[in-house]
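[1] A predicted structure for the sequence below; I have some questions about it.
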Number of protein chains: 2
Amino acid sequence: MQELDDLVSSLREDGFRITPQRVAILDYLLRTDDHPSAEYIHQVVKKQYPMVSLSTVYKTLDLLKEKKLVGEIEVGGQTRFDAHTDAHINLVCMKCGKIDDLDENSLNEIQNRAAKKSKYLILKGNFELFGYCNECKSALS
Amino acid sequence: MQELDDLVSSLREDGFRITPQRVAILDYLLRTDDHPSAEYIHQVVKKQYPMVSLSTVYKTLDLLKEKKLVGEIEVGGQTRFDAHTDAHINLVCMKCGKIDDLDENSLNEIQNRAAKKSKYLILKGNFELFGYCNECKSALS
DNA sequence: TATTAGTTGATAATGATTCCTAATTAATAA
DNA sequence: TTATTAATTAGGAATCATTATCAACTAATA
């Protein structure tokens, strides 16, 4: 996996230690389209490294957020993570809890316009739409 | 306050009891441009009705959310509320924590386009931009 | 291979929100 | 106006995600 190696090297160059735990977490996030919670990431990574602790997952996620390698959205009282870092829409299914990504070109433009109008210095944006996914809406009673 | 009276009447017609607690909470949300947390709403309402409990604030907010009289966004591990219910951008200052609203016409259009492309049934949208407000960015070290 | 500072795992602490229940009260009708 | 009653409230306990703490461990370096 070229991308993983590159990101790992860049972390190493920034002076961070490369631990199997960190690699496993980043690897999983790069491979999935899912938007897992810290708890879920912990479950997944434990299959490969049973000794990994939840607190290490949280700390690694903090690091990856800081390096802008992963993004986060807060949904239903918990934080969900993904490695899809360009501006996009998160479609949140209120029934099954899944989150799909949707690219939308106009978001960067909106962000720039908002920065100008508001005088805020904008660092990141989250765009969430809540509803029912195709499967769950079909199953509505 | 005409709007408050109308909303109170509509709640009564829906079979909900009109309590001073509920009126005070809704009244405050209608009057402010702020995006208070439940805790903060509790502080404000207690000045007028010192016996109001935090759990009543939470339950009233649930009711008002269900009736779509207030919106919510999750920021920094807590939920913030406002009575500005049409689609808009929330500008979140990562330093002082304030949230400003910004109208943006294209949001409804984006929402419709996303619904079509994704096949989701969209019920609501949140658009958040994070950064530093004009005051806080000037004060950056 | 030894050194050492960064990292980890385990668990305690925190804080926002939800749950629980007896007491209260808004709404209704007599 | 008063009695009835089911909805609502206050207060506190419980829950759950996240953060903090710290002794033990280990990746990086020389």
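    Perfect, thanks for sending it.
[2] relative to B:E109, how far out is the most centrally placed residue in chain A?
    Note on chain A: the residue nearest the mean C-alpha position is A:D82, at 1.8 Å, using Cα atoms, centre = their mean. Shown here: A:D82 relative to B:E109, a distance of 25 Å by Cβ to Cβ, to the nearest Å. No exception for glycine: its C-beta is placed from N, CA and C like everyone else's.
[3] now check stretch A:57-67, is it near chain B?
    No: Stretch A:57-67 lies apart from chain B when judged by Cβ under 8 Å from any Cβ of the partner chain; the minimum separation is 11.9 Å.
[4] test my guess that A:L61 contacts A:F81.
    Yes: using Cβ atoms under 8 Å, A:L61 is in contact with A:F81, at 6.0 Å.
[5] what do these two both touch?
    The overlap between the contact sets of A:L61 and A:F81 (Cβ atoms under 8 Å, 6 or more residues apart in numbering or on different chains) consists of A:38, A:41, A:70, A:72.
[6] phi and psi next, for the residue nearest to the centre of chain A.
    Phi and psi for A:D82, reported as degrees, to the nearest 10, are phi -160, psi 160.
[7] what are the bridge partners for it, then?
    Going by DSSP bridges, A:D82 is paired in beta bridges with A:G71.
[8] who touches it in this structure?
    Contacts were defined as Cβ under 8 Å, 6+ apart; by that measure A:D82 touches A:29, A:32-36, A:70-71, A:99, A:101.
[9] redo those as CSV? Include pLDDT and neighbour count.
    Listed next are these as CSV, based on pLDDT from 0 to 100; neighbours: other Cβ atoms under 10 Å in any protein chain shown:
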residue, pLDDT, neighbour count
A:L29, 98, 23
A:T32, 97, 15
A:D33, 96, 10
A:D34, 96, 17
A:H35, 98, 24
A:P36, 98, 18
A:V70, 98, 21
A:G71, 98, 21
A:I99, 98, 19
A:D101, 98, 15
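[10] rewinding a little: going by neighbour count, which of the shared contacts of A:L61 and A:F81 comes out on top?
    In terms of neighbour count, A:I41 stands highest of those at 24 neighbours, by other Cβ atoms under 10 Å in any protein chain shown.
[11] so how far is A:Y58 from it?
    Separation of A:I41 from A:Y58 (Cβ to Cβ): 9 Å.
[12] equivalent analysis for A:H35, please.
    A:H35 is 16 Å from A:Y58, where distance means Cβ to Cβ.
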